[in-house]
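Novice: the following block contains a protein sequence and its predicted model.
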Amino acid sequence: MTKTNTADEIETMDLTRELPTEEIDGIDNLILPYVDILRKEGIETVQSCQGGEGHAYPVPTIEFDGEASEGWRALAIALQHQLPVYDLNRKWSIENFVPVGPIWEMTFTPFSD
C-alpha cells in the first residue's frame, strides 16, 4: 500500500533552505516541499504541480532537466527523503511535428485532504 501525505504532514516537513521568492512564486503549496528537497540536492526543476481538480496535472508532478542519469539521481534523492514517488518518466513533447526534449517527469501519489 502506498502512503499518501496529508496537508498537515506536508506543512511539518523540515525545509532547511529558503528559495528566493522569485523562484517559488506560483508553486503550489503542497508540492513546494518536494521541489525544495530536489532543488537543494541540485536537481534543476522546471515545472511542478500539486495535481488534482483545477490543476494542470491530475496527480502531483515535478518536471526537471538533466542527462540520462539525472532521473535516477532524482529518484534516489526522493526515495531517501521518503517522498511518495509513483513513477518516473523521460518524455518528449511534439511541437510543429518535431520532438522536443527530453525532459524528466516524476509523479507522486495524490495528496489526501
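Specialist: Received, thanks. Numbering: from 1, shown residues only.
Novice: just for the protein, where's the confidence low?
Specialist: Scanning the chain for pLDDT under 70 picks out the ranges 1-25, 113.
Novice: keeping just the C-alphas, turn the top helix by length along the chain into PDB.
Specialist: When the chain is scanned for its longest helix (criterion: DSSP state H), the result is helix 70-80. Only the C-alpha atoms of helix 70-80 are listed here, as PDB (Å, rounded to 0.1, in the frame of the first residue of the first chain):
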ATOM      1  CA  GLU A  70      19.700  12.700 -13.700                       C
ATOM      2  CA  GLY A  71      16.300  10.900 -13.300                       C
ATOM      3  CA  TRP A  72      17.900   8.100 -11.400                       C
ATOM      4  CA  ARG A  73      19.700  10.600  -9.200                       C
ATOM      5  CA  ALA A  74      16.500  12.500  -8.500                       C
ATOM      6  CA  LEU A  75      14.700   9.200  -7.800                       C
ATOM      7  CA  ALA A  76      17.300   8.200  -5.300                       C
ATOM      8  CA  ILE A  77      17.000  11.600  -3.600                       C
ATOM      9  CA  ALA A  78      13.200  11.400  -3.500                       C
ATOM     10  CA  LEU A  79      13.300   7.900  -2.000                       C
ATOM     11  CA  GLN A  80      16.000   8.800   0.600                       C
END
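Novice: and that helix, what's buried?
Specialist: 70-71, 73-75, 77-78 (16 or more other C-beta atoms under 10 Å). To be clear about C-beta, it is placed using only N, CA and C from the backbone, and glycine gets the same treatment.
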